[in-house]
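Visitor: Next input, structure requested:
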Amino acid sequence: MRLSNMADYAVVTMSAAARHCGHARVSAQQLADETGLPAPTVQKLVSKLSAAGLLKSVRGAHGGFKLARPAAAITLADIVEAVEGPIALTPCSDHGRHDCTLESACAIRPHWPAVDAALRGALAGIPLTQLSRPIAVPATVAEVMA
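Guide: As a prediction, the model looks like this:
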């Protein structure tokens, strides 16, 4: 499984917004500058993230975006679902979809909801606070070997 670019960029954008937690609101342009993402992409993402209740938008001279709830209460699953919709590894996992030619004889289809729930649970176990803090990376090969 691989996240779409937009889901990846949403995680990057939310991580940048989380680093402003407790400070002034941040504009979409500031998020674009901090992340290196194109401003139109960030604008599209903050719109989706706001609609999903992850960001709060405030208009006006001192407006901008801020997290709608504490970073510890926002998970990787929340962010991915805001951009991609419900987590489902296969199209037949989506309720109401009946476009698979194997559907009537498929012995695996009943098992996908458990797989989807396990994946969602794993992603839900990763809070935004974990994603937004820097990880110390050794600067040299010698440090890695030490």
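
Visitor: now the helix or strand containing Gln130, how far from the chain's geometric center?
Guide: Using DSSP states H and E, Gln130 sits in helix 128-132. In terms of Cα atoms, centre = their mean, to the nearest Å, the centre of helix 128-132 is found 11 Å from the chain centre.

Visitor: Where do the strands of the protein begin and end?
Guide: Ranges of strands within the chain are 55-58, 64-67, based on DSSP state E.

Visitor: Let's have those strands in JSON lines, adding mean pLDDT, mean neighbour count and distance to Pro134.
Guide: To be clear about C-beta, it is placed using only N, CA and C from the backbone, and glycine gets the same treatment. Shown next, in JSON lines, are these (pLDDT from 0 to 100; neighbours: other Cβ atoms under 10 Å; distance: least, Cβ to Cβ, whole Å):
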{"stretch": "strand 55-58", "mean pLDDT": "90", "mean neighbour count": "17", "distance to Pro134": "22"}
{"stretch": "strand 64-67", "mean pLDDT": "92", "mean neighbour count": "20", "distance to Pro134": "18"}
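
Visitor: Looking at those strands, spot the one closest to Thr35.
Guide: Checking the strands of the chain against Thr35 by Cβ to Cβ gives strand 64-67 as the closest, at 13.0 Å.

Visitor: which other residues reach that closest one?
Guide: 14, 17-18, 20-21, 24-28, 30-31, 46, 50, 54-58, 74, 128 (Cβ atoms under 8 Å, 6 or more residues apart in numbering).

Visitor: got the strands of the chain as a markdown table, with distance to Gly36 columns?
Guide: As requested, the strands of the chain are arranged in a markdown table below (distance: least, Cβ to Cβ, whole Å):
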| stretch | distance to Gly36 |
| --- | --- |
| strand 55-58 | 19 |
| strand 64-67 | 18 |
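
Visitor: quick one, which of these is nearest to Ala105?
Guide: Across the strands of the chain, closest to Ala105 is strand 55-58 (Cβ to Cβ), at 44.5 Å.

Visitor: Pull up the pairing partners for the closest one, direction included.
Guide: strand 64-67 (antiparallel) (DSSP bridges).

Visitor: Can you tell me the closest non-neighbouring residue to Leu123?
Guide: Ala77 (3.8 Å; Cβ to Cβ, 6 or more residues apart in numbering).

Visitor: Many thanks, we can stop here.
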